[in-house]
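In: I would like to see how this sequence folds:
(2 chains)
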Amino acid sequence: RKEVEQDPGPFNVPEGATVAFNCTYSNSASQSFFWYRQDCRKEPKLLMSVYSSGNEDGRFTAQLNRASQYISLLIRDSKLSDSATYLCVVNPAGYGQNFVFGPGTRLSVLP
Amino acid sequence: GAVVSQHPSWVICKSGTSVKIECRSLDFQATTMFWYRQFPKQSLMLMATSNEGSKATYEQGVEKDKFLINHASLTLSTLTVTSAHPEDSSFYICSALGRIYNEQFFGPGTRLTVL
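Out: Below is the predicted model:
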């Protein structure tokens, strides 16, 4: 089993739609969780950290379920500019240690 | 977020040559930097963890004698691909670990093409 797994995608949605991405991780001792977005041929950019209590940033909501080892990202009122690959990232071992990246889920928002 | 630069942004070289890639944290000191490689349509794969003033820690399957890493200062880490071959062609990305939160800030990447 891979350390971090994500919905295979791609997701093709119309503008204004709500879309949800799922991610599961295998290491129950994982410490930190993030969502990054990566545009084609660009570096990943941090979208948001994921906290146990869940967190929201504008149209984006992230949730963490430690018991189920599951992370989600919800995008409301999707925009054309949201088209990208969304990477679920887990830090298994604590501060200063490497991140493990999921394979990514590609989103295309269509006009 | 913090700013990380990489140089060069792209390079084309002949097989057998060595290529050096620089990763700089511009507005903060990074004791830890990471080097990743990404092949087309695949996710980032960690190559090594670079700690200032000490030897890099390489991931399994990454040849330390082929991918030389030097982290001589708190703002600069370099990756040298020695005797590059076409199969080394890839997108190389560095990141710097934030000081306060456990976030990684990525450089813009270096696209290496070995002919």
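
In: in chain A, what residue is nearest chain B?
Out: residue A:43 (4.1 Å; Cβ to the nearest Cβ). For the C-beta atoms, the positions are set from N, CA and C on the backbone; glycine is no exception.

In: Give me the nearest residue to that residue, chain neighbours excluded.
Out: Distances taken as Cβ to Cβ, 6 or more residues apart in numbering or on different chains place residue B:106 nearest to residue A:43, at 4.1 Å, with adjacent residues excluded.

In: how about the one you found, what does it touch?
Out: Neighbouring residues of residue B:106 by Cβ atoms under 8 Å, 6 or more residues apart in numbering or on different chains: A:43, A:44, A:45, B:4, B:93, B:94, B:95.

In: for residue B:23, same thing?
Out: Taking Cβ under 8 Å, 6+ apart, one finds B:4, B:5, B:6, B:33, B:35, B:76, B:77, B:78, B:79, B:94, B:96, B:107 in contact with residue B:23.

In: ChimeraX command for the buried members of these?
Out: Selecting just the buried residues from these in ChimeraX takes one command, with 16 or more other Cβ atoms under 10 Å in any protein chain shown as the test:
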select /B:4,6,33,35,77,78,79,94,96,107
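
In: any idea which of the contacts of residue B:23 is closest to chain A?
Out: Once Cβ to the nearest Cβ is applied, the member of those that ends up nearest chain A is residue B:107, at 6.3 Å.

In: partner residues bridging the nearest residue to that closest one once chain neighbours are set aside?
Out: Leaving aside its chain neighbours, residue B:107 sits nearest to residue B:6 (3.7 Å; criterion: Cβ to Cβ, 6+ apart). For residue B:6, the beta-bridge partners under DSSP bridges are residue B:23.

In: what do you get for residue B:81?
Out: Under the criterion used here (DSSP bridges), residue B:81 is bridged to residue B:19, residue B:67.

In: Looking at strand pairing, list the partners for the closest residue to residue A:65 other than its chain neighbours.
Out: The shortest distance from residue A:65 to any non-neighbouring residue, by Cβ to Cβ, 6+ apart, is to residue A:71 (7.6 Å). Using DSSP bridges, the bridge partners assigned to residue A:71 are residue A:23, residue A:64.

In: Go ahead and confirm residue A:71 touches residue A:34.
Out: No. Counting by Cβ atoms under 8 Å, residue A:34 is not a contact partner of residue A:71; they are 9.0 Å apart.

In: Would you mind telling me which of these two has the busier surroundings?
Out: residue A:71 (26 against 23; other Cβ atoms under 10 Å in any protein chain shown).

In: By mean pLDDT, flag the weakest helix or strand of the chain.
Out: Assuming you mean chain A. The helix or strand of chain A with the lowest confidence, counting by mean pLDDT, DSSP states H and E, is strand A:100-101 at a mean of 88.

In: The chain in question should be chain B.
Out: Using mean pLDDT, DSSP H and E, the lowest element in chain B is strand B:104-106, with a mean of 87.

In: What strands line up against that one, and which way round?
Out: Counting by DSSP bridges, strand B:104-106 is paired with strand B:90-97 (antiparallel).

In: Relative to the whole chain's centre, how far out is the partner strand?
Out: Here strand B:90-97 shows a centroid-to-chain-centroid distance of 5 Å under the convention Cα atoms, centre = their mean, to the nearest Å.

In: Distance of the nearest residue to residue B:31 once chain neighbours are set aside relative to residue A:66?
Out: Here the nearest residue to residue B:31 in space, its sequence neighbours aside, is residue B:52; by Cβ to Cβ, 6+ apart that works out to 4.9 Å. Distance of residue B:52 to residue A:66, given as Cβ to Cβ, to the nearest Å: 33 Å.
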